[in-house]
Each structure stands twice: as C-alpha cells, then as structure tokens.
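A.B. asks: Compute the structure for the input listed below.
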Amino acid sequence: MSQSDINSLSAVLLAAGESRRMGSINKLTLPINGKPLLRRTAETLARADLVELVVVVGHEQEVARELLQGIPARIVYNADFREGQMTSVFHGLAALQQPCAGVMICLSDQALLGVEDIRTIVHGFASCPTSIMVPVYKGQRGNPVVLDYAHRETILADRKNLGCKRLIEKNPELVTVLEMPNDHVLMDLDTPEAYALLTQRLCANSTAPENMNMTG
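C.D. replies: Residues are numbered from 1 along each chain as shown. I've put the predicted structure just below:
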C-alpha cells in the first residue's frame, strides 16, 4: 500500500435489518431534521473523505435503494439478512474493492454521527497501536468499530463462526479505545421511544452544533 492508503479508511454501512423493535415502521425512513435516516447517515459517510463506501441492503431493499439515490456508494444485497447482522458484515467486507488501512463497520441508525465525528475516528485509527479500534464516550463503548484491513480475510474465511463482536471478545489485546468528545457514537434508534427522545433532543437544540451536520 502507498502511504496514503496506510492512513485511510473505507466504510461498510449496515442497512439490511428488519428493525423489528421499531414495530411496523422501517426506521431507515424516519425523518431526522427533515431527511430520511439512512440517507442522512450515508451522506455523512460520503462527505467524510473515506476511500470507499459500501452499503449493505436487505429488508425492503427497494426502499433503501431509493433513499440512497445519487450517493457515491456501492450497494450490495444481502439475501441472508434474516440470519443476523454478521451476514451483512460479511457481504460488505466482500464487496470492498479499494486498498485501505482499515474498515469502519457502521450502523445505519446512528442519527447524531456527523462528518467531524467520522474524521475524528479516521485520524484516531491512523495512530492506533493495535488492529482494532472502538470509540468510547465516558467509558461506554460505541460504534462504528474500526478493523485493520487484515481482519477482512479472517472474517471472510470464517463467516459462520467469527463476527466483529466475537473477534473483539476473543482478542482484547488487539483493541484500542478512542475517547470521543461527545456521545454521538452511543446513540442509535432501535425503538419508538429512542426516536421520541432523539426528536426531543433535536428540538431542544434549535441551532444544531456544526459537528452534528444535521442540515445536509
């Protein structure tokens, strides 16, 4: 790899799940300051100077593809999405084509993550002494997790028995935590209650912080 590759990250965005805890609503369509959640998350990653963005779709893939129109990303379909999140990680890692130092495994429902949050993670991994990095806020672990590109082959070779969580649990010596300046890495939208709390939080901030990039 060139020096530029060594200091670079790609991203796999997981958008294949059924969001069952949200009830009958496809949470990827929920408006966040007037923009659908999936589109807002994908646009944030697309603006963050990453090498490559792969989005894995599955449940209601037509809806997801519509939300992603015009975004520079490779969209791949996971026919096995009902078997769990790790199948989407596998499909996303397999679809990567460009050389890079590491891969961010991103959740599509982290509505507060902004471009500066992603750049903080990218810069943190550039000086990370280990091959796995987990962002934390006040000691609580969040997402996205970053894996050295070398772990890609390990996961692809053992798709049924090795996921990111298990990789971290089995190899704690490979993990470095990155303290973040805010709680954006902790926030996700799994339930209607979580969405209601997020809406209240956004309403309480009539002028969103620039780091949240909530307007575009």
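A.B. asks: Run through the bridge partners of I32.
C.D. replies: K35 (DSSP bridges).
A.B. asks: if I look at it, how far off is S108?
C.D. replies: From I32 over to S108 the distance is 11 Å, taken as Cβ to Cβ, to the nearest Å. From N, CA and C alone the C-beta is placed, and that goes for glycine too.
A.B. asks: Between those two, which is the more surrounded one?
C.D. replies: For I32 versus S108, neighbours defined as other Cβ atoms under 10 Å are more numerous around S108 (27 against 21).
A.B. asks: Identify the residues contacting the nearest residue to the more buried one once chain neighbours are set aside.
C.D. replies: In this structure, S108 finds its nearest non-sequential neighbour in A15, 4.2 Å apart by Cβ to Cβ, 6 or more residues apart in numbering. Going by Cβ atoms under 8 Å, 6 or more residues apart in numbering, A15 touches 28, 38, 55-58, 64, 108.
A.B. asks: Kindly recompute the last result at 6 Å.
C.D. replies: Residues near A15 by Cβ atoms under 6 Å, 6 or more residues apart in numbering: 38, 55, 57, 64, 108.
A.B. asks: Would you mind giving the secondary structure of the spatially most central residue of the chain?
C.D. replies: Among the residues of the chain, C106 comes closest to the average C-alpha position under Cα atoms, centre = their mean, at 1.1 Å. Put simply, C106 is strand when judged by DSSP: H, G, I helix; E, B strand; the rest coil.
A.B. asks: Likewise for the one 10 residues further on?
C.D. replies: Three-state secondary structure (criterion: three-state DSSP) places E116 in helix.
A.B. asks: That one and M86, how far apart?
C.D. replies: 29 Å.
A.B. asks: can you check R40 too?
C.D. replies: Applying Cβ to Cβ, the value for R40 to M86 is 25 Å.
A.B. asks: More neighbours: which of the two?
C.D. replies: R40 (25 against 19).
A.B. asks: Now do the residue nearest to S108 against P172, distance only.
C.D. replies: 29 Å.
A.B. asks: Then A16?
C.D. replies: Going from A16 to P172 by Cβ to Cβ gives 28 Å.
A.B. asks: Show me which of the two is the more surrounded one.
C.D. replies: Using other Cβ under 10 Å, the more surrounded residue of A16 and P172 is A16, with 28 against 9.
A.B. asks: Please name the residues that touch the more buried one.
C.D. replies: A16 neighbours (Cβ under 6 Å, 6+ apart): 56-58, 78, 81, 88.
A.B. asks: for the closest residue to it other than its chain neighbours, phi and psi?
C.D. replies: Leaving aside its sequence neighbours, A16 sits nearest to G58 (Cβ to Cβ, 6+ apart; 2.9 Å). Here the main-chain torsion angles of G58 (degrees, to the nearest 10) amount to phi -160, psi -90.
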